[in-house]
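Colleague: Output the structure for:
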Amino acid sequence: MTVTSSPRVFISYSWDSEVHKQRVLELAEQLRDGGIDCELDQYYQSPPEGWALWMLRQVKQADFVMMICTQTYYQRALGEEPPGTGKGVKLEGAIINNEIFNSEAKNEKFIPVLFSGSDMQFVPEFILSVSRYILPQDHEKLYRRLTNQPEVIKRPPGQRKILPPVNISPEKSSTPSAPPLEGFSPIHSIPENPYNFWDPVTPPRFVGRTKEIQQLATALAEHRSLSVIGDWRIGKTSLLHTWAQQAQQQGNVVVSLSGEDGAAQSLATFVEAITGSPTAAEPDPAADRLAQWSQQQAKSGLPPLLIIDEVETCLKRFEPRFFERLRGMLGTLILVLASWRELDRVFQERRLTSPFENRLGILRLGLLEPEAAGTLVQWSQTSLNTAMITKMHQYAGRHPFYLQLWGYHFINAQRLGESFDAAFDKFYQDASPRLRKLWHTLTEKEQQALTDSLSGKPIQRRSLRLRGLVTEDGQLFGKILEEWLREEL
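Modeller: Okay, here's the model as predicted:
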């Protein structure tokens, strides 16, 4: 299928709950922010042509139709719900089934999407044979599918080699080989690309964060809970996954969840994912079940370790009473809550006092230590020359995400025979939305401090240094931030 620069996507889903509707809306908004023309019924109050004709046109006109698969959606798409219920999904399911039938089962348009791996059983049979995507972990793959940006690009066949007869000695060719692209090593010397900027990094690829790992280990040994604070893409998830592996090797029971996982759609699914047992959705019964589980695990002498990444979503979605009860479990349960900002600020937005105030130690993640950043750069030494590695230092500094991003795009450019400008355009294209997202989280004073730095004024705001946007000597972490500020502001 040929997809335009702004593909049209229609989301077909069932109204399982208000939480589910909100999650679908958030997905649609995220796709629209990424340049995708995403259509959703929640954007309309009552289309003038009526809902039946509107649905038909949406399915027909879309480049892709994303089917959000749940048990309710499955039953309605197959017409198994009682008469009078789920009419919208029943109609959409009939339209989709008919299109697939008319195309002789050749399908590039209809995409199953799930918010939880446990919903895999609810993918309708007429679409079972195609690739499906579980969010949030498969968001990058889904976005690549929708925007026609495959992870691996098939190179065109090279020139056919002329082999000499075995009984004749080959003459040395006098034709010089083509020079490599400026800034790159010869293409035949490039190994597999070692950089991966979208997935968490774990041993043996995980590097640095020695002090942070030690702080986590000390807290675990002393049965203390922690709040881990760090901006998006600064390496929180990689750190937590690495430490979780170490804790498991020491005999601790470790459960790691994310507020972006399907398990966090409700308090009941959240506690069930931890304990393995179903529970009620009300705060107290859910907390009782979690307390019972933690006490059972602690009988071994080692309290269980519960790691919740992207915890802001849970703090906003679950009743405050649950977190008050969770505070009372500290000691029999070691809790690590990871977020991009201080927990008290999240509770303040809800006009609440944080129940974890003075109960959690704080671990902040900023830039990598110089030795660790140097190790990441060294991965490119067999592929990029000295001048290109110097630019990598200049543009990415000691920021783990931008180091990975630079290495990935420039080594791929070498493999594909692309120019420096083409590689840099891809690097900037991926860096820009992350920097824009960060920019909107800054205060006016922080934004002004970054803007003033363009005229050579040192940055003296501690908050920017703690977040890894500024180095210890008051400079921007890398030239990519400088160029983004000049380009976007």
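Colleague: so what are the domain limits for this structure?
Modeller: As given by automatic domain parsing, the domain ranges for the chain are 8-146, 210-364, 369-488.
Colleague: wait, which of those is closest to Thr202?
Modeller: Evaluated over those, closeness to Thr202 peaks at domain 210-364, with 5.0 Å, by Cβ to Cβ. The way it works is simple: take the backbone N, C-alpha and C, and place the C-beta from them, glycine included.
Colleague: Give me the distance from that closest one to the chain's centre.
Modeller: 19 Å (Cα atoms, centre = their mean, to the nearest Å).
Colleague: Start and end of that domain, how far apart?
Modeller: One end of domain 210-364 sits 13 Å from the other (Cα to Cα, to the nearest Å).
Colleague: ok, back up a step: could I get the domains of the chain as a markdown table with distance to Pro200 and mean neighbour count?
Modeller: A markdown table is the format used below for these (distance: least, Cβ to Cβ, whole Å; neighbours: other Cβ atoms under 10 Å):
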| stretch | distance to Pro200 | mean neighbour count |
| --- | --- | --- |
| domain 8-146 | 10 | 17 |
| domain 210-364 | 4 | 18 |
| domain 369-488 | 11 | 17 |
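Colleague: out of these, nearest to Asn193?
Modeller: Asn193 lies closest to domain 369-488 among those, at 4.8 Å (Cβ to Cβ).
Colleague: Do me a favour and average the pLDDT over the closest one.
Modeller: For domain 369-488, mean pLDDT rounds to 93.
Colleague: For whichever helix in the chain runs longest, which helices and strands make contact with it?
Modeller: In the chain, assigned by DSSP state H, the helix with the most residues is helix 420-439. With contacts defined as 3 or more Cβ pairs under 8 Å, 6 or more residues apart in numbering; DSSP states H and E, helix 420-439 has these neighbours: helix 400-416, helix 479-488.
Colleague: any idea which helix or strand of this structure has the worst average confidence?
Modeller: helix 87-102 (a mean of 68; mean pLDDT, DSSP states H and E).
Colleague: ok, back up a step: with Thr275 as the reference, name the closest of the helices and strands packed on helix 420-439.
Modeller: Of all the helices and strands packed on helix 420-439, the one in closest proximity to Thr275, counting by Cβ to Cβ, is helix 400-416 (33.6 Å).
Colleague: need the strands for the stretch 201-350 of the chain, in chain order.
Modeller: Taking DSSP state E, counting those that start in this stretch to define them, one finds strands in the stretch 201-350 of the chain at 226-229, 254-258, 305-309, 334-339.
Colleague: mind checking which of the ones you listed is nearest Ala77?
Modeller: Once these are compared by Cβ to Cβ, strand 254-258 is nearest, at 28.2 Å.
Colleague: In terms of secondary structure, what does that closest one contact?
Modeller: When contacts are defined as 3+ Cβ pairs under 8 Å, 6+ apart, strand 254-258 sits against helix 236-249, helix 267-275, strand 305-309.
Colleague: can you list the residues that contact it?
Modeller: 136, 237, 240-241, 244, 247-248, 263-264, 270, 273-274, 304-310 (Cβ atoms under 8 Å, 6 or more residues apart in numbering).
Colleague: Direction included, what does it pair against?
Modeller: Applying DSSP bridges, strand 254-258 is found paired with strand 305-309 (parallel).
Colleague: tell me the phi and psi of Gly301?
Modeller: Geometry field for Gly301 lists phi and psi as phi 100, psi -10, criterion degrees, to the nearest 10.
Colleague: after the least confident helix or strand of the chain, next one along is what?
Modeller: The helix or strand immediately downstream of helix 87-102 is strand 110-114, counting by DSSP states H and E.
Colleague: Centre of the chain to the first helix or strand past that next one going along the chain, how far?
Modeller: Following strand 110-114 in sequence order, the next helix or strand is strand 133-134 (DSSP H and E). Computed by Cα atoms, centre = their mean, the chain-centroid distance of strand 133-134 equals 12 Å.
Colleague: thought Gln394 was touching Gly478?
Modeller: Yes: look at Gln394 against Gly478 with Cβ atoms under 8 Å: they come within range, at 6.9 Å.
Colleague: Setting the sequence-adjacent residues aside, check what's closest to Val201.
Modeller: Nearest non-adjacent residue to Val201, counting by Cβ to Cβ, 6 or more residues apart in numbering: Ser238, 4.4 Å away.
Colleague: shouldn't the one you found be in contact with Thr202?
Modeller: Yes: counting by Cβ under 8 Å, Ser238 does reach Thr202; the two are 6.7 Å apart.
Colleague: Quick check on the closest residue to Phe401 other than its chain neighbours: phi, psi?
Modeller: Of all residues not flanking Phe401 in the chain, Arg233 sits nearest, at 3.8 Å (Cβ to Cβ, 6+ apart). Torsion angles at Arg233 (phi, psi; degrees, to the nearest 10) stand at phi 70, psi 10.
Colleague: Next up, the contacts around Arg233.
Modeller: Shown in contact with Arg233 (Cβ under 8 Å, 6+ apart): 400-401, 434.
Colleague: Could you rerun that using 10 Å?
Modeller: By Cβ atoms under 10 Å, 6 or more residues apart in numbering, the contact list for Arg233 reads 197-198, 340, 399-402, 404-405, 431, 434, 437-438, 468.
Colleague: Kindly report the same for Met329.
Modeller: By Cβ under 10 Å, 6+ apart, the contact set of Met329 is 225, 287, 290-291, 293-295, 298, 303-304, 306, 335.
Colleague: where's the dip in pLDDT among those?
Modeller: Ranking these by pLDDT, Ala298 lands last with 84.
Colleague: Output stretch 328-346 in PDB with nothing but the alpha carbons.
Modeller: What follows is stretch 328-346, C-alpha atoms only, in PDB (Å, rounded to 0.1, in the frame of the first residue of the first chain):
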ATOM      1  CA  GLY A 328       1.300   1.800  55.100                       C
ATOM      2  CA  MET A 329       2.900  -1.300  53.400                       C
ATOM      3  CA  LEU A 330       6.300   0.300  53.100                       C
ATOM      4  CA  GLY A 331       8.700  -2.000  55.000                       C
ATOM      5  CA  THR A 332       7.000  -5.300  54.100                       C
ATOM      6  CA  LEU A 333       7.100  -4.000  50.500                       C
ATOM      7  CA  ILE A 334       9.900  -2.100  48.800                       C
ATOM      8  CA  LEU A 335       8.500   0.400  46.400                       C
ATOM      9  CA  VAL A 336      10.200   2.200  43.600                       C
ATOM     10  CA  LEU A 337       8.100   4.900  41.800                       C
ATOM     11  CA  ALA A 338       9.600   6.300  38.600                       C
ATOM     12  CA  SER A 339       8.400   9.600  37.200                       C
ATOM     13  CA  TRP A 340       9.600  12.600  35.200                       C
ATOM     14  CA  ARG A 341       8.800  15.100  38.000                       C
ATOM     15  CA  GLU A 342       8.500  15.200  41.800                       C
ATOM     16  CA  LEU A 343       5.500  13.200  43.100                       C
ATOM     17  CA  ASP A 344       4.300  16.000  45.300                       C
ATOM     18  CA  ARG A 345       3.700  18.100  42.200                       C
ATOM     19  CA  VAL A 346       1.500  15.400  40.700                       C
END
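Colleague: And stretch 253-264, end to end?
Modeller: With Cα to Cα as the measure, stretch 253-264 spans 20 Å from end to end.
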